Structure formats: C-alpha cells, structure tokens
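Engineer: here are the coordinates; sequence isn't available:
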Ligand code: PYC
C-alpha cells in the first residue's frame, strides 16, 4: 500500500494513494458501508500500530461518485470511520497538490456525508467549506462519573459533537491526561443516557472550550476523537459544530473570522455563511505539510499483519 502522510496544524493524515480496498462504485456513503463490512482489517492495517498510531486519521482516496468532484474520500481512524474530517480534507488537498494531481484554486471532494468545497490557496494553505452544520440540543446536563454534572450542547459538523463551554481542567498540555480521562467519562455518560445524533448515531467527539492563549484568538479547545485520541488541531468538523452553536445563540455573526486555537496552540480560522435554507455553512482555513511517503507491507506470517486492534 502506498501512503502519503501529512499533518494539518499538528493533526496527522495518512492518504492511501494505491493498494487500498476496491469498494466498487456508487455513493460514498454506500462505499463506506462496504469498507466497514468487508475490509475493516484494511482500516486497522493502515492506521494502527505497528504501521501507525492512535492519533493517525486515514483517508482512502476513491473515484468520486459526483462527476463535478476532483476526488472522493472516506476518512477513518484507529477505532472506526468518520463522516467528514476537516483537518483530513486540508491534508488531502495538500497531498494531491504535492502529487501534481490538483492545482491551486477551487475543487470539490465527494465524502460519505456530502460534497465539500476546497480552495487550495497555496501549496500549504487550504480553506474548506463543509457540509451544513447544526445544533440539535442545547445546554443539556449529564451526570458524569468523577466529574459530577456536566452541561453541553449536541451539534453536528460532519461528525457528532458534545460541546462543553467550560472545560473541567485548564486547557494546557500539562493537563492532557486529565482532559482525556474527563472527555472519555463524558462520552461514556452520553452513551449511558442514550444521548445520540438525530438518527441514533453515537455522539463520539467531545469538545471542551476555554479562553484562548493568543490575544487575537477567540477560543481554545480540547477535542477527544471517536477512537480515544485527542485532536492536535482545533478539529475542522468540531469547529464547524462550534460555529453552528454560536450562530444558534446569536453569539457570532456570519462572514466574520472566528480564530479557534487547539490544545497544542495551533489554529484554524473559521467563519460561516447562511445558505438559502438558513443552514450554517462553515469554512475552515488551516495549513498542512507533507511529512513522509511510504510503502506499507503486509506479510500473512506476521501475527500483526492487520495491525494491533
Ligand atoms: O478535523 O474534523 C476534523 C477531525 C475529526 C477527527 C479528527 N479531526
């Protein structure tokens, strides 16, 4: 399998360029189901140890279903599959440019949850326009083991998020283990209380917010991803969900930059517009850099041929 690794504001993406599973044709949402049911070992092979690590997000490059798109993509991680991935889309755009497959300017990518627009501003800087984001529940309180009552919003930004305005710990890397344990406990509590997305999807990304460190930023976050690793970037789909909450609260106007800092201090510049139906369409701008190109090998004699699951 040929892969190209990059990082987007610190968060890694591994694009499968060759040697991925043949998922056939049809909408990306159907091909994701085929990936899940028939080729899940390939997901584990590509991102889990010993070839990968927990924070790594995989991106299977596919033929798009919609002919207006430059590429199709299915994102996945150490634990399963993602609807969309903001940092991964930025990483994919920079990777395709690195390979000479797309030029600077506007492109469309087909994903399992819809089409996203990509504006490749330079070899490293990309602005994406996400699928519609929305909040479904406001200020709900769950009792969390070890933390007590925790209040947050449920919102969608391409994945499902629980957004907690007041982080239980200061948003500092020295608290990374405490933040991760707390976010995992919140995730467990949501599952126990049956709090899901609109079609019963798990709310499997948890965001804690607090004041920014940089004077020109608006907020800092910590994001727990569905596989249990924390996002080194501010999370593109999580920042989209945040904008949906700000818009619903009337707390941030359309077409104005919102600077979202991550737990490591990297940032996305985000903004939103309202479409003809009044839906929040978030744009996320960030930078990605290629870090390696590699061939991954699978030996059937290897007890970890399909990765450490
Ligand atoms: O940037 O949307 C994102 C993302 C999701 C999971 C990790 N990063």
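Structural biologist: Here it is on my side, so go on. Keep in mind the model is a prediction, meaning the values are calculated, not measured.
Engineer: shouldn't residue 208 be in contact with residue 222?
Structural biologist: Yes: between residue 208 and residue 222 a contact is recorded at 4.6 Å, counting by Cβ atoms under 8 Å. For glycine as for every other residue, the C-beta is placed from the backbone atoms N, C-alpha and C.
Engineer: immediately after the longest helix along the chain, which helix or strand?
Structural biologist: Taking DSSP state H as the criterion, the chain has its longest helix at helix 176-192. Once the chain leaves helix 176-192, the next helix or strand it forms, by DSSP states H and E, is strand 205-210.
Engineer: Give the partner strands of that following strand in its sheet and their orientations.
Structural biologist: strand 160-164 (parallel), strand 219-224 (antiparallel) (DSSP bridges).
Engineer: mean confidence score for the longest helix of the chain?
Structural biologist: For helix 176-192, the mean pLDDT works out to 98.
Engineer: what helices or strands is it leaning on?
Structural biologist: strand 125-144, strand 148-156, strand 160-164, strand 205-210, strand 219-224 (3 or more Cβ pairs under 8 Å, 6 or more residues apart in numbering; DSSP states H and E).
Engineer: Any chance of these in TSV with mean pLDDT and distance to residue 81 as columns?
Structural biologist: Putting the helices and strands packed on helix 176-192 into TSV (pLDDT from 0 to 100; distance: least, Cβ to Cβ, whole Å) gives the following:
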stretch	mean pLDDT	distance to residue 81
strand 125-144	98	16
strand 148-156	98	16
strand 160-164	99	13
strand 205-210	98	13
strand 219-224	98	17
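Engineer: Turn the ones you listed into TSV, columns for distance to residue 254.
Structural biologist: Formatted as TSV, the helices and strands packed on helix 176-192 follow (distance: least, Cβ to Cβ, whole Å):
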stretch	distance to residue 254
strand 125-144	13
strand 148-156	17
strand 160-164	19
strand 205-210	20
strand 219-224	18
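Engineer: of those, which approaches residue 48 most closely?
Structural biologist: strand 219-224 (18.2 Å; Cβ to Cβ).
Engineer: Just want the angle from the closest one to helix 176-192.
Structural biologist: 70 degrees (axes from the mean of the first three to the mean of the last three Cα atoms, to 10 degrees).
Engineer: List the contacts of strand 219-224.
Structural biologist: 167, 171, 179-180, 183-184, 187, 205-213, 230-231, 234-235, 238-239, 242, 258-263 (Cβ atoms under 8 Å, 6 or more residues apart in numbering).
Engineer: which residues touch residue 84?
Structural biologist: 75, 111-114, 116, 130-131, 157-159, 236-237.
Engineer: Look up the closest residue to it, ignoring the ones flanking it.
Structural biologist: Leaving aside its sequence neighbours, residue 84 sits nearest to residue 158 (Cβ to Cβ, 6 or more residues apart in numbering; 2.9 Å).
Engineer: which residues does the one you found contact?
Structural biologist: 82-86, 111, 113, 130-131, 133, 236-237, 240.
Engineer: any idea how far residue 86 is from it?
Structural biologist: 7 Å (Cβ to Cβ, to the nearest Å).
Engineer: Distance from the helix or strand where residue 60 lies to the middle of the chain?
Structural biologist: For residue 60, the host element (DSSP H and E) is strand 57-62. Relative to the chain's own centre, strand 57-62 is displaced by 12 Å; criterion: Cα atoms, centre = their mean, to the nearest Å.
Engineer: What mean pLDDT does whichever helix or strand comes after it get?
Structural biologist: Counting by DSSP H and E, the element after strand 57-62 in chain order, helix or strand, is strand 71-76. Average pLDDT, strand 71-76: 98.
Engineer: Measure how far strand 71-76 is from the centre of its chain, please.
Structural biologist: 12 Å.
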